[in-house]
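Peer 1: Could you work out the structure for the sequence below:
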Amino acid sequence: MSILIENISKKFGSNYILSEINLEILTGNLVALIGPSGSGKSTLLRMIAGFEKPSKGRIWFSGKNATLLPIQKRQIGFVFQDYALFPKMTIFENIAFGLKIQKKYLKSQVYELLQLIQLENFEKFYPHQLSGGQKQRVAFARALAIEPKILLLDEPFGALDVKIRKNLRFWLHNLHEKLPMTSIFVTHDIHEAMEISDQIVILKNGCVEQFGCPQELYEHPATVFVKDFLDI
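Peer 2: Next up is the predicted model:
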């Protein structure tokens with residue numbers, strides 16, 4: 001599913017968190033949102049998900065106006081930094097949760113997801129019995145269970161140590177190549193964005209400073225800010 005962000009602005013009180021954002025994200029791309037703290041990365045992600053409504057502008061999914069579409073009708077999977085797993089549910093039950101809500105529950109589908117995240121022997125475990133990396137993989141599986149057209153990830157590896165981060169980001173890259181989804185992830189890690197994304201959006205003070213593939217940004221930074229931010 002393609003995503004078109006058209007003149008999107010978001011205002012809290014008298015302050016603009018995002019201002020006149022225009023982006024076109026092609027179907028199947030893995031896109032990173034990066035920028036300094038407070039640049040509007042998570043706010044933009046939450047508006048695409050439907051958790052926040054824009055103050056101005058429109059969001060289109062494959063040519064259809066999704067600006068005011070309810071969250072449950074957006075065909076979106078969302079992965080949070082803190083995993084947001086249900087502590088009193090087993091790993092199997094956590095993954096099956098969204099399917100049961102949508103009345104699409106199939107036991108075989110949950111087992112397929114357990115195999116996909118390489119935790120097929122952990123179905124009866126509880127979240128507190130897993131490592132941080134394992135919990136994050138379960139969070140991915142739960143988001144994927146509903147077969148989303150768009151996968152949104154808000155700093156999915158932010159709470160993990162460096163070694164686990166590196167392993168999981170390549171796992172995500174490989175997973176993305178297997179599944180037909182458009183994905184957007186927020187990160188503070190420039191190397192992470194450069195290594196695994198098809199395109200990168202660099203935000204500064206609520207505005208798009210540059211949007212392009214990693215090689216383009218590295219070889220042709222549009223501004224001094226981009227050059228300094230990428231440490232070129």
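Peer 1: so what's R46 up against?
Peer 2: By C-beta atoms under 8 Å, 6 or more residues apart in numbering, the contact set of R46 is 52, 154. Glycine gets a C-beta too; all of them are placed from N, C-alpha and C.
Peer 1: could you redo the last one with a cut-off of 10 Å?
Peer 2: 10, 52-53, 78, 152, 154, 186 (C-beta atoms under 10 Å, 6 or more residues apart in numbering).
Peer 1: Just the ones in strands from the residues you listed, please.
Peer 2: Those of the contacts of R46 mapping onto strands are 10, 78, 152, 154, 186, per DSSP state E.
Peer 1: how about the helix or strand of the chain with the lowest mean pLDDT as CSV, C-alpha atoms only?
Peer 2: Using mean pLDDT, DSSP states H and E, the weakest-scoring helix or strand in the chain turns out to be helix 162-178, at a mean of 79. In CSV, the C-alpha atoms belonging to helix 162-178 read as follows (Å, rounded to 0.1, in the frame of the first residue of the first chain):
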residue,chain,number,x,y,z
VAL,A,162,23.8,-2.8,20.9
LYS,A,163,24.4,-6.4,20.0
ILE,A,164,20.7,-7.4,20.1
ARG,A,165,19.8,-4.2,18.2
LYS,A,166,22.1,-5.1,15.4
ASN,A,167,20.8,-8.7,15.1
LEU,A,168,17.2,-7.5,15.2
ARG,A,169,17.5,-4.8,12.6
PHE,A,170,18.9,-7.3,10.1
TRP,A,171,16.2,-9.7,11.1
LEU,A,172,13.6,-6.9,10.3
HIS,A,173,15.3,-6.2,6.9
ASN,A,174,15.1,-9.9,6.0
LEU,A,175,11.5,-10.2,7.3
HIS,A,176,10.5,-7.2,5.2
GLU,A,177,11.9,-8.8,2.0
LYS,A,178,9.7,-11.9,2.7
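Peer 1: What ranges does the chain have for its strands?
Peer 2: Per DSSP E, the chain carries strands over the ranges 3-12, 15-25, 30-34, 56-61, 64-65, 76-79, 150-154, 182-186, 199-204, 207-212.
Peer 1: where does this protein dip in pLDDT?
Peer 2: Low-confidence segments of the chain, defined by pLDDT under 70: 103, 105, 159, 232.
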